[in-house]
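Next come a sequence and a model predicted from it.
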Amino acid sequence: MSTATTVFIVDDDPSVLRALARLLRTEGLEVQCFGSSQAFLDQHDPEIPGCVVLDVAMPGLDGLDLQQTLAGQGAVRPIVFLSGQGDIPISVRAMKAGAIDFLTKPVNGKDLVAAIHRAADIDRRRRQEQAELQRIMQRVATLTPREREVLQHVVAGQLNKQIAADLGTVEKTIKVHRSRVMGKMGTRSIVELVRMTQRAGMSIESSRASTPAP
């Protein structure tokens, strides 16, 4: 996956597109320009790192519509809005929906570049977190059903003998499973193992087997 940041500018005014593209390229940023929300959606690749500089008022799908469409597609793309009117209710709605900033045209170049850098940092962190989650899930997928059971008991803080009693086996077998779990998950630390399972959304509650009455 590319690590370069691309700024996607979406505005129906060609003169604005040219001016913003020129400004951002002088800052060393990669830029792609689109004259409408639909043109952007038709070519959008969510795997490309970057953010969107988005005009609010456009024919067809406006900026807020595009923001909603991207969210519905699961594309958490940071957005910096531009508005020619500075409408407070619109800006509030955009920010509540996750916009990074809402700037009024004619936009101050320094303010725009600063907002873009914030958006790019947010996008970078999100992608790093997603990549880490995928690595964890890939490791979890290598565990056998029994190893996953042992994992849940281990991160719940149980000792080997307690796990063995719960799973109806011997402590020596649990030690073997535990060692394999730690190896497959790529860690020697229980603290790190707990953190990984929490990132993966796995329950760390021990599923204790019920013991029949004598």
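Alright, I've got the coordinates.

Go through the protein and flag its longest helix.
Taking DSSP state H as the criterion, the chain has its longest helix at helix 109-141.

What is the helix or strand just after that helix packed up against?
Next in sequence after helix 109-141, counting helices and strands by DSSP states H and E, comes helix 145-155. Packing partners of helix 145-155 (3 or more C-beta pairs under 8 Å, 6 or more residues apart in numbering; DSSP states H and E): helix 160-167, helix 171-185, helix 190-199. C-betas here are computed from N, CA, C, even on glycine.

about what we covered before: what angle separates the longest helix of the chain from helix 190-199?
Computed with axes from the mean of the first three to the mean of the last three C-alpha atoms, to 10 degrees, the direction of helix 109-141 lies at 110 degrees from that of helix 190-199.

Output the below-cut-off pLDDT ranges for the protein.
1-3, 86, 88, 203-214 (pLDDT under 70).

Outline the domain layout of it.
The chain breaks down into these domains under automatic domain parsing: 6-129, 142-199.

any chance of these in TSV, with distance to residue 135 too?
TSV is the format used below for the domains of the chain (distance: least, C-beta to C-beta, whole Å):
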stretch	distance to residue 135
domain 6-129	11
domain 142-199	9
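
about what we covered before: on contacts alone, who are the packing partners of the longest helix of the chain?
Against helix 109-141 (3+ C-beta pairs under 8 Å, 6+ apart) you get helix 14-26, strand 50-55, strand 79-83, strand 101-104, helix 171-185, helix 190-199.

Buried residues of the longest one, list them for me.
By neighbour count with 16 or more other C-beta atoms under 10 Å, helix 171-185 contains the buried residues 174, 177, 178, 180, 181, 182, 184, 185.

Double-check residue 174 against residue 167; I have them as touching.
Yes: shown here, residue 174 and residue 167 form a contact pair, counting by C-beta atoms under 8 Å, at 7.2 Å.

what sits in contact with each of the two?
Common contacts of residue 174 and residue 167 (C-beta atoms under 8 Å, 6 or more residues apart in numbering): residue 150.

Now name the helix or strand holding the nearest residue to residue 21 once chain neighbours are set aside.
Spatially, and ignoring its direct neighbours in sequence, residue 21 is nearest to residue 31 (4.7 Å; C-beta to C-beta, 6 or more residues apart in numbering). Secondary structure from DSSP H and E places residue 31 in strand 30-34.

next one: residue 59
Using DSSP H and E, residue 59 falls outside every helix and strand.

what residues are up against it?
12, 36.

Please repeat the previous calculation with a cut-off of 7 Å.
Applying C-beta atoms under 7 Å, 6 or more residues apart in numbering, we find residue 59 in contact with residue 12.

measure it to residue 37 for me?
9 Å (C-beta to C-beta, to the nearest Å).
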